[in-house]
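S.K.: Next come a sequence and a model predicted from it.
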Protein chains: 4
Amino acid sequence: MTDNDPNASIAAAQAVLDAVPFHDQVLRPRVVAVDPRAGSLDVALDPNPALRRSREDGALHGGVVASLIDLAAYNAVALHKSAATPTLDLRIDYLRPAVAPLVARARMVRAGRRTATVDVTVVDAAGVTVALGRGSFMILEG
Amino acid sequence: MTDNDPNASIAAAQAVLDAVPFHDQVLRPRVVAVDPRAGSLDVALDPNPALRRSREDGALHGGVVASLIDLAAYNAVALHKSAATPTLDLRIDYLRPAVAPLVARARMVRAGRRTATVDVTVVDAAGVTVALGRGSFMILEG
Amino acid sequence: MTDNDPNASIAAAQAVLDAVPFHDQVLRPRVVAVDPRAGSLDVALDPNPALRRSREDGALHGGVVASLIDLAAYNAVALHKSAATPTLDLRIDYLRPAVAPLVARARMVRAGRRTATVDVTVVDAAGVTVALGRGSFMILEG
Amino acid sequence: MTDNDPNASIAAAQAVLDAVPFHDQVLRPRVVAVDPRAGSLDVALDPNPALRRSREDGALHGGVVASLIDLAAYNAVALHKSAATPTLDLRIDYLRPAVAPLVARARMVRAGRRTATVDVTVVDAAGVTVALGRGSFMILEG
């Protein structure tokens, strides 16, 4: 097993996510792909009735979609920089009702010494994009 | 008891919030003030260890702050318009670590026929602003 | 010459842009590609010393980059909908100093009856992405 | 005349703005109030037909409003920090058609070592808010 073993990287990233109470006790996000060198991270969210916006349909609460975008983007930068990278600002565009399972695909588009910018696309099981995210992150020395 | 009774308005707004599974089962937001005519709504979030970003400190997850902003802003418009008002886009600026209890103060800054714009300020128990939100909302005919 | 003649479409889009005083008298944007059906529009901005942010380097003012993003996104929707589509909100991420000539590539990512969402990528002559834009637009009946 | 003389501060801030080609040759912004210690700056924009969005009415182009917001916010931070403070990201909400003369009021809401957050309100001659801006700025050592 080497540094480049994809399963080892996924397990390491999953452990980082699971150390967060809101992930471990509420959202239960699952790392499905990660490339720390490139600053990319794909995170899945499984169906959970407690995360819905209404009792009448299966769509997730907008805050859940925002949370998924935030955690995918934050960790894409944090794993790349091996540092804490607090979210400075985050923007979400809601395109369609978001029914789990979802995958959030975070891609770093710029990484400087002080800040990074990350794009996130959230797709549903049919591959349809249901939300877009973009955020600025501070980079704190490790 | 009249339409203008503040306690009646608070109870009505609370019932709207409690009908949402993610509120009722996870966040447990509490309406503390509401003025549907003005499009203003204040919502409190009480401490809950499951909503934290880390086991080491008491600060909330960024997604929880985003959720609080989204639900306060959405309902400020929805109560004003008596309509569904899906979030079109939402932006959050994280100013400081957010330790509950928090209050999110949502204020409609523009309401047209098709869309509305809402500002949200999130303050902690010391009155310090920990996050700012702003969003655009669609207005669907009731 | 048919409706699908690309040069005719470019000339028609250019005429729409040229009718705007701020375009005609200041920015001088040039349509380089347009697909009204898809909601895509590429607009070039040529070097002009009056648009710089400083006398010391050739980079454009951030407001000029924002203007280019706004006009490309607005017209991508307006040409698709054959309607006025006022900008509701606009967000710009500045990735690198922006030296003209630039091309802004606007792509509609969602178009509903009331609102549309557009993504814009701004690239320089070397093909490097210097800024990203995203905006929400209202759609007014024609 | 001391450091705290308001007219001296206004003249100094105006000189900073006038050194920018896009200001000096196109926008012609006028500093009307400045408090570098607080990180606040008010900038006026006078009527100019070349900055309009249409030949039919007097409203300014959305890019001009974005430019005014960017320059007011940028310089509120730059004067406070005595440093270059490149715009990281900027968000504009267009509330109403913007007819000059306008005043953009920039207020720093957070200033850290690495980044700052600024709010801008744009009001017209009647005191009506026509646009809102918010941005994140990097702080480069002077």
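M.R.: Good, I have the coordinates. Numbers count the residues shown, from 1 in each chain, chains lettered A, B, ... in the order given.
S.K.: Next up, identify which helix or strand the most centrally placed residue in chain A is on.
M.R.: Closest residue to the average C-alpha location of chain A: A:A72 at 1.5 Å, with C-alpha atoms, centre = their mean. Per DSSP states H and E: A:A72 is located in helix A:62-81.
S.K.: Off-centre distance for the next helix or strand after that helix?
M.R.: Downstream of helix A:62-81, the first helix or strand assigned by DSSP H and E is strand A:87-94. Relative to the chain's own centre, strand A:87-94 is displaced by 12 Å; criterion: C-alpha atoms, centre = their mean, to the nearest Å.
S.K.: that older thread, are the helix holding A:A72 and chain B in contact anywhere?
M.R.: Yes - applying C-beta under 8 Å from any C-beta of the partner chain, one finds helix A:62-81 in contact with chain B at A:62-64, A:66-68, A:70-71, A:74. All C-beta atoms are positioned from the backbone trio N, CA, C, and that covers glycine.
S.K.: Surely A:R105 and A:V118 touch.
M.R.: No - with contacts counted by C-beta atoms under 8 Å, A:R105 stays clear of A:V118, the gap being 10.6 Å.
S.K.: Who has more neighbours out of the two?
M.R.: Higher neighbour count among A:R105 and A:V118: A:V118, with 31 against 19, using other C-beta atoms under 10 Å in any protein chain shown.
S.K.: Apart from its neighbours in sequence, what residue is nearest the more buried one?
M.R.: A:A73 (4.0 Å; C-beta to C-beta, 6 or more residues apart in numbering or on different chains).
S.K.: and the residue nearest to A:V99 when sequence neighbours are not counted, how many neighbours?
M.R.: Nearest residue to A:V99, sequence neighbours excluded (C-beta to C-beta, 6+ apart): A:G58, at 5.0 Å. Here the number of neighbours of A:G58 (other C-beta under 10 Å) works out to 14.
S.K.: same thing with A:I92?
M.R.: A:I92 - counted by other C-beta under 10 Å - has 28 other residues nearby.
S.K.: Which residues are in contact with it?
M.R.: A:62, A:65-66, A:69, A:131-133, B:66, B:89-91 (C-beta atoms under 8 Å, 6 or more residues apart in numbering or on different chains).
S.K.: closest to B:P97 among those?
M.R.: B:P97 has its nearest neighbour among the contacts of A:I92 in B:A66, at 14.6 Å by C-beta to C-beta.
S.K.: My guess is the closest one contacts A:H61. True?
M.R.: No - the pair B:A66 / A:H61 is not scored as a contact, 10.5 Å apart, by C-beta under 8 Å.
S.K.: Kindly provide the distance from whichever residue of chain A sits closest to chain D to chain C.
M.R.: Going by C-beta to the nearest C-beta, chain D is nearest to A:R114 of chain A, at 4.8 Å. From A:R114 across to chain C, the span is 14 Å (C-beta to the nearest C-beta, to the nearest Å).
S.K.: repeat for A:S54
M.R.: 20 Å.
S.K.: what does A:A44 give?
M.R.: For A:A44 relative to chain C (C-beta to the nearest C-beta), the value is 22 Å.
S.K.: before we move on, what about A:D70?
M.R.: 16 Å.
S.K.: Contacts only, for that residue.
M.R.: A:87, A:90, A:133, A:135, B:61-63, B:66.
S.K.: Figure out how far the worst-scoring helix or strand of chain A on mean pLDDT is from the centre of its chain.
M.R.: Lowest on mean pLDDT, DSSP states H and E among the helices and strands of chain A sits helix A:6-18, with a mean of 93. Distance of helix A:6-18 from the chain centroid (C-alpha atoms, centre = their mean) equals 13 Å.
S.K.: Pull out the buried positions in it.
M.R.: A:9-10, A:13-14, A:17 (16 or more other C-beta atoms under 10 Å in any protein chain shown).
S.K.: just stretch A:96-112 next, same as before
M.R.: Those would be A:97-100, A:102-108, A:110-111, for stretch A:96-112 by 16+ other C-beta under 10 Å.
S.K.: Give the burial count for A:D24, as a bare number.
M.R.: 14.
S.K.: wait, I meant A:P49
M.R.: Neighbours of A:P49 (other C-beta under 10 Å): 11.
S.K.: Taking helix A:6-18 as reference, get the angle to the helix holding A:A72.
M.R.: With axes from the mean of the first three to the mean of the last three C-alpha atoms, to 10 degrees defining the directions, helix A:62-81 sits at 120 degrees from helix A:6-18.
S.K.: tell me the mean pLDDT over helix A:62-81?
M.R.: When pLDDT is averaged along helix A:62-81, the result is 98.
S.K.: same thing with stretch A:129-142?
M.R.: On average, stretch A:129-142 scores 93.
S.K.: In that stretch, which residues are buried?
M.R.: Result for stretch A:129-142 [16+ other C-beta under 10 Å]: buried residues A:130-139.
S.K.: Pick out whichever of these sits closest to B:V31.
M.R.: Nearest member of the buried residues of stretch A:129-142 to B:V31, counting by C-beta to C-beta, is A:A131, at 26.7 Å.
S.K.: Which residues are in contact with that closest one?
M.R.: By C-beta under 8 Å, 6+ apart, the neighbours of A:A131 are A:65, A:69, A:92-96, A:98, A:122.
S.K.: A:V99 touches A:D124, doesn't it?
M.R.: Yes - between A:V99 and A:D124 a contact is recorded at 5.9 Å, counting by C-beta under 8 Å.
S.K.: Now the common contact residues for these two.
M.R.: With C-beta under 8 Å, 6+ apart, A:V99 and A:D124 have common neighbours A:V130.
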